[in-house]
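S.K.: requesting a structural model of the entry that follows:
(one chain, ligands or ions: 1)
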Amino acid sequence: MSPSTPSSLVQAPIGLFDSGVGGLSIWLALRQSLPKENLLYLADSQCAPYGDRSPEWIVERTLRMAQILVDQGCKALVIACNTATLVAAPTLRAKLSIPIIAIEPAIKPAAALSRSRSVALMATSRTLDSSGLQNLIQRYANDIEIIRIPCPGLADRVETLQLSGPEIEAELRERLAPALQSQADTLVLGCTHYPFLRPTIEAISGSRFHILEPSFAVAAQVYRRLEQAHCLNSQTQAGSSAFISSAPIEQARAVVQVLTGLAEPTMLAFPTQPLKTR
Ligand code: DGL
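M.R.: The predicted model follows:
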């Protein structure tokens with residue numbers, strides 16, 4: 001912390017949001033990597049999934065979610081959703097003045113890692129269609145075969161805690177078939193919900209793929225951005241965590257308990273006031 005940084009800013013939470021509970025995979029990495037930071041997670045589970053919605057809808061809704069976290073006094077914002085990043089991050093960056101850390105599919109590390117020069121990418125339809133993804137591929141993986149695996153409905157399985165069992169296994173087997181039949185040696189989980197399905201994916205694919213998801217890379221980037229802005233929290237006690245969801249609070253609590261492992265997560269009410277437009 002620089003002597004000129006107000007201590008209220010240092011103490012302010014880092015805000016994270018996702019279309020639903022998928023971004024809790026990023027929360028887990030942040031909690032571990034930045035143990036002294038206070039975290040505020042916002043799940044728009046009432047509106048999940050975003051992955052099949054129009055870009056216009058996603059931009060508008062993402063701005064509303066970001067504004068809730070800004071109104072709560074967050075010192076930085078993590079877009080814990082690939083779909084929202086690829087569709088709405090430029091708009092958010094243009095409109096908000098706090099540091100914004102966004103997530104995108106791990107195409108760059110996958111291209112560096114793949115020996116067979118073939119990478120499979122599981123993501124939402126909107127992510128796969130986005131120009132943001134095309135740019136990413138052109139920039140870092142121009143000479144790599146990218147096997148695109150659209151996964152409509154998969155984020156919903158995580159929202160409803162269907163993480164293992166014969167049904168989800170059959171669905172994942174079908175989705176992964178093109179990748180399993182290809183030369184791909186690397187699998188990118190291009191949606192923050194999918195790391196919660198990793199044990200089931202590994203049960204199907206064995207050691208066939210290097211599986212990549214960027215949660216710890218995002219946590220490292222959050223650290224760097226806060227350090228640059230002189231607002232890392234160096235309090236002696238462990239940082240707090242609180243959760244807001246647009247879904248009914250008891251339903252949200254049960255899902256947060258399972259995915260975070262917290263026995264008694266602090267749940268805050270979703271703001272019912274009309275949102276400020278800035
Ligand atoms: N978790 C989101 C992502 O990373 C998307 C899930 C959805 O809402 O479709 O893309």
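
S.K.: CA only for contacts and neighbour counts going forward, please
M.R.: Will do.

S.K.: dump the residue contacts of the residue of the stretch 151-278 of the chain with the smallest separation from the ligand.
M.R.: Per C-alpha to the nearest ligand atom, C191 is where the stretch 151-278 of the chain lies closest to the ligand, at 3.3 Å. C191 is in contact with G22, C81, N82, T83, P105, M122, A123, T124, counting by C-alpha atoms under 8 Å, 6 or more residues apart in numbering.

S.K.: so what pLDDT did the fifth one get?
M.R.: Read that as P105. At P105, the pLDDT value in this model is 96.

S.K.: coming back round to it: which of the contacts of C191 are close to the ligand?
M.R.: Among those, the residues within reach of the ligand (C-alpha under 6 Å from any ligand atom) are G22, C81, N82, T83, T124.

S.K.: helix, strand, or coil at the fourth one?
M.R.: Three-state call for T83 (DSSP: H, G, I helix; E, B strand; the rest coil): helix.

S.K.: what sits against it?
M.R.: Here T83 is in contact with Y50, G51, T124, R126, T127, C191 (C-alpha under 8 Å, 6+ apart).

S.K.: if we can go back for a sec, which phi and psi does the residue of the stretch 151-278 of the chain closest to the ligand have?
M.R.: C191 adopts backbone torsions of phi -150, psi 130, taken as degrees, to the nearest 10.

S.K.: repeat for R148
M.R.: Dihedral angles for R148 - degrees, to the nearest 10 - are phi -90, psi 130.

S.K.: can you pull the contacts of it?
M.R.: Per C-alpha under 8 Å, 6+ apart, neighbours of R148: A120, L121, M122, A123, L128.

S.K.: could you export the one helix or strand R224 maps to as PDB, CA atoms only?
M.R.: Here R224, judged by DSSP states H and E, is contained in helix 215-228. Coordinates of the C-alpha atoms in helix 215-228 are reproduced here as PDB (Å, rounded to 0.1, in the frame of the first residue of the first chain):
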ATOM      1  CA  SER A 215      -8.200 -19.600 -12.700                       C
ATOM      2  CA  PHE A 216      -4.700 -19.400 -11.000                       C
ATOM      3  CA  ALA A 217      -3.400 -17.200 -13.900                       C
ATOM      4  CA  VAL A 218      -6.400 -14.900 -13.300                       C
ATOM      5  CA  ALA A 219      -5.600 -14.700  -9.600                       C
ATOM      6  CA  ALA A 220      -1.900 -13.900 -10.400                       C
ATOM      7  CA  GLN A 221      -3.100 -11.100 -12.700                       C
ATOM      8  CA  VAL A 222      -5.400  -9.700 -10.000                       C
ATOM      9  CA  TYR A 223      -2.400  -9.600  -7.600                       C
ATOM     10  CA  ARG A 224      -0.300  -7.700 -10.200                       C
ATOM     11  CA  ARG A 225      -3.100  -5.200 -10.900                       C
ATOM     12  CA  LEU A 226      -3.700  -4.500  -7.200                       C
ATOM     13  CA  GLU A 227       0.000  -4.200  -6.600                       C
ATOM     14  CA  GLN A 228       0.400  -1.700  -9.400                       C
END
